[in-house]
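*Asks:* Next one to model:
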Amino acid sequence: MPHVKLRDGAELYYEKYGNGPPLLLVPGLGGDGRWWGENAAKLAGEFTVVVHDHRGTGRSTLSKIDYSVAQMADDALQLIDALGFEKVHWCGHSTGGAMGQVLAIEHPERIDRLVLSATWARTDAFFRRLFETRALMLKELGPAAYQKSSALSLNSPWWVRDHDAELTAAEAKANETIPIPEIVLSRIAAIVAHDRRDQLQKVRAPTLAICARDDMVTPLYFTEELVRSIPNARAYVLPDGGHFYPNVHGGEFRRVMTSFLLES
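*Replies:* Below you'll find the predicted structure:
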């Protein structure tokens, strides 16, 4: 399966689909490109879609390092270089959106259009407390308890109600999904440290920020802040779907993003 070797010897797993302008779909804290589900294949009708597993997750190298959002962004930039793309569209969800902010600020020539999905510019007390709680759950009670509790903030209540068996099956495989909890704990520390709010005025890429109104991880006010801070950015707010709205309202997500990315 395709991997790219990074400067320090670690490897990133990636998949590439379709033809057209290059589009990186970058997942959140979980880091596994499979999170995008059918969205990747369906977007491949218009774009060359690239999804990857962040270092420390999925099928990429499980490096025991001090993670940071800047490091995650640099890993992805090395992938872009290896694939020979001068410039890409970037759709980053949550942590992937934080990575997109870093690249749009520090490497503006590499980002064509930027989609920030359910993400944030600077950690506040709510976000910090949420992830302190999630980290404590993982550290003290283990991967299954971490996944079980996280599902309650990542998804809309009605979605949890209707997908109990699916969540139970995922919890049963938690030790496979999170084989090295210390990596997840380091990645949580990395996202809590993220702060690019005062640099967002440097973003030159046309930017669309998308979220769900009932998101309990990155609430609507984070998206509103991004749009206020990034020149000429716009927002699209879905009525529901929770933090994982792209997998709940995939058709609407793809329609809105595709329309934005293909604007002349």
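*Asks:* When you work out contacts or count neighbours from here on, use the C-alpha atoms and nothing else.
*Replies:* Will do.
*Asks:* Give me the helices and strands touching the helix or strand where L25 lies, please.
*Replies:* Using DSSP states H and E, L25 maps to strand 22-26. Here strand 22-26 touches strand 48-52, strand 88-93, going by 3 or more Cα pairs under 8 Å, 6 or more residues apart in numbering; DSSP states H and E.
*Asks:* Quick one: mean pLDDT for the longest one?
*Replies:* So the one you mean is strand 88-93. Taken as a whole, strand 88-93 has a mean pLDDT of 98.
*Asks:* Within the sheet, what are the partner strands of that strand, with directions?
*Replies:* Counting by DSSP bridges, the strands paired with strand 88-93 are strand 22-26 (parallel), strand 111-117 (parallel).
*Asks:* Any idea how far the first one is from the middle of the chain?
*Replies:* Relative to the centre of its chain, strand 22-26 is centred 11 Å away, using Cα atoms, centre = their mean, to the nearest Å.
*Asks:* Strand 48-52 and that strand, what's the angle between them?
*Replies:* Between strand 22-26 and strand 48-52, the angle comes out at 30 degrees (axes from the mean of the first three to the mean of the last three Cα atoms, to 10 degrees).
*Asks:* One more: the longest one?
*Replies:* Direction vectors for strand 111-117 and strand 48-52, defined by the same axes, to 10 degrees, enclose an angle of 60 degrees.
*Asks:* residues contacting the closest residue to A172 other than its chain neighbours?
*Replies:* Closest residue to A172 in three dimensions, ignoring its sequence neighbours and counting by Cα to Cα, 6 or more residues apart in numbering: A144, at 6.9 Å. By Cα atoms under 8 Å, 6 or more residues apart in numbering, the residues touching A144 are 171-175.
*Asks:* tell me the phi and psi of A144?
*Replies:* Taking degrees, to the nearest 10, you get phi -60, psi -50 for the backbone angles of A144.
*Asks:* Restricting to C-alpha, output stretch 43-51 in PDB.
*Replies:* Output of stretch 43-51 as PDB, limited to C-alpha atoms (Å, rounded to 0.1, in the frame of the first residue of the first chain):
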ATOM      1  CA  LEU A  43     -15.500  13.800  -4.400                       C
ATOM      2  CA  ALA A  44     -13.100  11.900  -6.800                       C
ATOM      3  CA  GLY A  45     -15.600  12.600  -9.600                       C
ATOM      4  CA  GLU A  46     -14.400  16.300  -9.600                       C
ATOM      5  CA  PHE A  47     -11.000  16.200  -7.900                       C
ATOM      6  CA  THR A  48      -7.800  14.200  -7.400                       C
ATOM      7  CA  VAL A  49      -8.600  13.400  -3.800                       C
ATOM      8  CA  VAL A  50      -5.800  12.500  -1.400                       C
ATOM      9  CA  VAL A  51      -6.500  11.200   2.100                       C
END
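*Asks:* Enumerate the positions of that stretch that are buried.
*Replies:* 43-44, 46-51 (16 or more other Cα atoms under 10 Å).
*Asks:* Take the contacts of A144 and keep only those in helices.
*Replies:* The helices, defined by DSSP state H, take in 171-172, 174-175 from the contacts of A144.
*Asks:* Save these as JSON lines, and put in pLDDT, neighbour count and distance to M99 too.
*Replies:* Listed next are the ones in helices among the contacts of A144 as JSON lines, based on pLDDT from 0 to 100; neighbours: other Cα atoms under 10 Å; distance: Cα to Cα, whole Å:
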{"residue": "E171", "pLDDT": "96", "neighbour count": "19", "distance to M99": "27"}
{"residue": "A172", "pLDDT": "96", "neighbour count": "14", "distance to M99": "30"}
{"residue": "A174", "pLDDT": "96", "neighbour count": "18", "distance to M99": "25"}
{"residue": "N175", "pLDDT": "95", "neighbour count": "14", "distance to M99": "26"}
